[in-house]
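A.B. asks: Give me coordinates for this.
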Amino acid sequence: MKIEIRTDVVVADLANQLVIKILCASASISEWCLGLDKLRNEEASAVVVRPMSPISKGTLVLKYDGRSSGLALIRKGKSDNTIEMTSRQLDYVFSFLRKFEEHGIGSVDHVDVEATISGDSGKDAYITFRIPVAATPMTPEEADKWFRG
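C.D. replies: As a prediction, this is how the structure comes out:
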């Protein structure tokens, strides 16, 4: 079973770095949580992310690679890119999105997953999962004051 999600995706392929930014919109957050939960529990074979914009081409296919830790692996294809994630990475992204689903606001506006690119050892890669609403960051002094009451 594959789960499909339509959302905004931005891919920046720079000289020494590939960055894939995925917006997990409020309207699709339940689909994201369901898809990632099924993927990490091996009840789904993939989460297929299709871009919202008609000018964006290709899809992202998120898969569980069976490993518990390590870097995600990006496999570039002609019409899609496959991202193979570890259980730790899937748990991390699921937890981040689930908290946003429960509270309607995130403690941060994004999380990054570090990856490597198949066949390209000289380039770093990151997959960024972004939410639309997050709390304002605190300075260390504000955090200390908040914790001390």
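
A.B. asks: Check the burial of the nearest residue to residue 29 once chain neighbours are set aside by counting its neighbours.
C.D. replies: Taking C-beta to C-beta, 6 or more residues apart in numbering as the measure, residue 29 lies nearest to residue 101, with 4.8 Å between them; neighbours along the chain are not counted. No exception for glycine: its C-beta is placed from N, CA and C like everyone else's. Burial of residue 101 is recorded as 17 neighbouring residues (other C-beta atoms under 10 Å).

A.B. asks: Checking my notes, residue 101 in a helix, right?
C.D. replies: Yes. Under DSSP: H, G, I helix; E, B strand; the rest coil, residue 101 falls within a helix.

A.B. asks: Give me the distance between it and residue 51.
C.D. replies: Using C-beta to C-beta, to the nearest Å, residue 101 is found at 22 Å from residue 51.

A.B. asks: Ok, residue 89 next?
C.D. replies: With C-beta to C-beta as the criterion, residue 89 and residue 51 are 22 Å apart.

A.B. asks: who's more crowded, the two?
C.D. replies: When neighbours are counted by other C-beta under 10 Å, residue 89 comes out ahead of the other of residue 89 and residue 51, with 27 against 18.

A.B. asks: Let me see the contact set for the more buried one.
C.D. replies: Going by C-beta atoms under 8 Å, 6 or more residues apart in numbering, residue 89 touches 72, 113.

A.B. asks: what about it, helix or strand, and which?
C.D. replies: Using DSSP states H and E, residue 89 sits in helix 87-103.

A.B. asks: again with residue 81
C.D. replies: For residue 81, the enclosing helix or strand under DSSP H and E is strand 80-85.

A.B. asks: got a list of contacts for that strand?
C.D. replies: With contact meaning C-beta under 8 Å, 6+ apart, strand 80-85 is reached by 11, 20, 58-65, 72-75, 93, 113, 115, 127.

A.B. asks: Kindly report the same for stretch 120-128.
C.D. replies: By C-beta under 8 Å, 6+ apart, the residues outside stretch 120-128 that reach it are 16-22, 72, 74, 83, 110-117.
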